[in-house]
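Peer 1: The sequence isn't on hand, but the structure is:
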């Protein structure tokens, strides 16, 4: 699996056939490494409805026909907006053509009345990735160690989400083979030094700091 960081909380996970996007906030993001009108997508995983996460979901899904995965209330909103391919909710695994996806708890506002924010477990190409979305640190993250994750994608921006200290605690608790920081530097309130986060994590947890547009082979 190739994991490409497109900026903020947007990643492109690709197994050579399917492109799975997370939280595609590209338009209006000066740090984005892709354009909403060009990025490929077969599936879009949306953690919650804040503008910097829902982002360009509607436009990309309309252009590509991508299936959107999120909680039930989000799916209802997108269906009303004319999208036909929407599925998911917090609970068990859902089979996908590329593998499977599970929606998990996230401690954060949702931006949509009645909805919950979420993170995702993604299985693709024999690899397993945790995309945290926007979340605070919580003790049950330690249960993710049982998943034997290949990668954990964690926010480090502070203020709205975990900061570097709590994200380092999360990285140690989760025990993924590699941790990738996200959700920082896009706005003044979330300016962070990812190298400082890396120093907090290592040597207990290996960290890969990706600049927008850079990729990692898992």
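Peer 2: Good, I have the coordinates. Just so you know, these numbers come straight off a predicted model, no measurement behind them.

Peer 1: residue closest to the middle of this structure?
Peer 2: When Cα atoms, centre = their mean is applied to the chain, the residue found nearest the centroid is residue 131 (4.0 Å).

Peer 1: In contact with that residue, which residues are there?
Peer 2: Each residue near residue 131 by Cβ atoms under 8 Å, 6 or more residues apart in numbering is listed here: 9, 11, 22, 45, 47, 119, 120, 122, 153. C-betas here are computed from N, CA, C, even on glycine.

Peer 1: so of the residues you listed, which ones are in strands?
Peer 2: If you go by DSSP state E, these have 11, 22, 45, 119, 120, 122, 153 in strands.

Peer 1: And the furthest pair within the contacts of residue 131?
Peer 2: 9 and 122 (13.8 Å; Cβ to Cβ).

Peer 1: Could you pick out the buried ones from the ones in strands among the contacts of residue 131?
Peer 2: Among the ones in strands among the contacts of residue 131, those scoring as buried are 11, 22, 45, 119, 120, 122, 153 (criterion: 16 or more other Cβ atoms under 10 Å).

Peer 1: Okay, and the beta partners of the fourth one?
Peer 2: Translated: residue 119. Partner residues in beta bridges with residue 119, using DSSP bridges, are residue 104.

Peer 1: one step back: let me have the contacts of residue 131 in a markdown table, extended by distance to residue 36 and pLDDT.
Peer 2: Converted to a markdown table, the contacts of residue 131 look like this (distance: Cβ to Cβ, whole Å; pLDDT from 0 to 100):
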| residue | distance to residue 36 | pLDDT |
| --- | --- | --- |
| 9 | 15 | 99 |
| 11 | 15 | 99 |
| 22 | 14 | 99 |
| 45 | 16 | 98 |
| 47 | 18 | 98 |
| 119 | 23 | 98 |
| 120 | 20 | 98 |
| 122 | 21 | 99 |
| 153 | 20 | 99 |
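
Peer 1: Residue 98: which of those is nearest?
Peer 2: Checking those against residue 98 by Cβ to Cβ gives residue 122 as the nearest, at 8.6 Å.

Peer 1: Mind checking what secondary structure the closest residue to that closest one other than its chain neighbours has?
Peer 2: Leaving out its chain neighbours, the residue that sits closest to residue 122 by Cβ to Cβ, 6 or more residues apart in numbering is residue 129, at 4.7 Å. Secondary structure, DSSP: H, G, I helix; E, B strand; the rest coil: residue 129 is strand.

Peer 1: Distance check, residue 129 against residue 202.
Peer 2: Distance, residue 129 to residue 202, by Cβ to Cβ, to the nearest Å: 20 Å.

Peer 1: If you count surrounding residues, which of the two has more?
Peer 2: When neighbours are counted by other Cβ atoms under 10 Å, residue 129 and residue 202 differ, and residue 129 comes out ahead with 25 against 13.

Peer 1: so who does the more buried one touch?
Peer 2: By Cβ under 8 Å, 6+ apart, the residues touching residue 129 are 1, 3, 13, 121, 122, 149, 150, 151, 152, 153, 218.

Peer 1: Name the nearest of those residues relative to residue 80.
Peer 2: When these are ranked by distance to residue 80 (Cβ to Cβ), residue 122 comes first, at 26.6 Å.
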